[in-house]
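Visitor: I would like to see how this sequence folds:
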Amino acid sequence: MKGMNELVRQAQVMQKKMAKLQEDLQERTVEGTAGGGMVVAVVSGSNELKSLAIDKTAVDPNDVEMLQDLVLSAVNDGIKKAKAMMEAEMGQITGGIKVPGLF
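Guide: Model prediction:
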């Protein structure tokens, strides 16, 4: 029974660390870019788009589709980087064990 109590205690400690990390990740950001930096998307660790910057040279009224593609690519790049950041941080807490439903 002593081993079970220790396991429960360790699970509670890990749960607290994960909750704290999730709070911290909401404040941390990464940048996703497209078009050689013509479009920059800033995404939080909780996958929230915080800002979007578009260089004037990327705006061509005759090629709106290109701008749309650049925006999508930059946002998706930011989300991918935010997910990687979260997985790396969670991996440190869980010791590399993939816990279903966390990421």
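
Visitor: helices and strands of this protein: which one has the lowest mean pLDDT?
Guide: helix 2-27 (a mean of 84; mean pLDDT, DSSP states H and E).

Visitor: so how far is that one from its chain's centroid?
Guide: Distance of helix 2-27 from its chain centroid, counting by C-alpha atoms, centre = their mean, to the nearest Å, is 20 Å.

Visitor: other SSEs contacting it?
Guide: Where contact means 3 or more C-beta pairs under 8 Å, 6 or more residues apart in numbering; DSSP states H and E, helix 2-27 is packed against strand 39-44, helix 64-94. For every residue, glycine as well, the C-beta is placed using N, CA and C.

Visitor: how about JSON lines for the ones you listed, with distance to Ala19, mean neighbour count and mean pLDDT added?
Guide: As requested, the helices and strands packed on helix 2-27 are exported to JSON lines (distance: least, C-beta to C-beta, whole Å; neighbours: other C-beta atoms under 10 Å; pLDDT from 0 to 100):
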{"stretch": "strand 39-44", "distance to Ala19": "17", "mean neighbour count": "22", "mean pLDDT": "97"}
{"stretch": "helix 64-94", "distance to Ala19": "10", "mean neighbour count": "16", "mean pLDDT": "92"}
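
Visitor: would you list the ones you listed in a markdown table and tack on distance to Gln22?
Guide: Shown next, in a markdown table, are the helices and strands packed on helix 2-27 (distance: least, C-beta to C-beta, whole Å):
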| stretch | distance to Gln22 |
| --- | --- |
| strand 39-44 | 11 |
| helix 64-94 | 8 |
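
Visitor: related to what we said a few turns ago, hey, what's the angle from whichever helix or strand comes after the least confident helix or strand of the chain to strand 39-44? Just curious.
Guide: Per DSSP states H and E, the first helix or strand lying C-terminal to helix 2-27 is strand 29-34. Angle of strand 29-34 versus strand 39-44, following axes from the mean of the first three to the mean of the last three C-alpha atoms, to 10 degrees, is 150 degrees.

Visitor: Touching strand 29-34 from outside, list them.
Guide: With contact meaning C-beta atoms under 8 Å, 6 or more residues apart in numbering, strand 29-34 is reached by 39-45, 50, 69-71, 73-82, 85.
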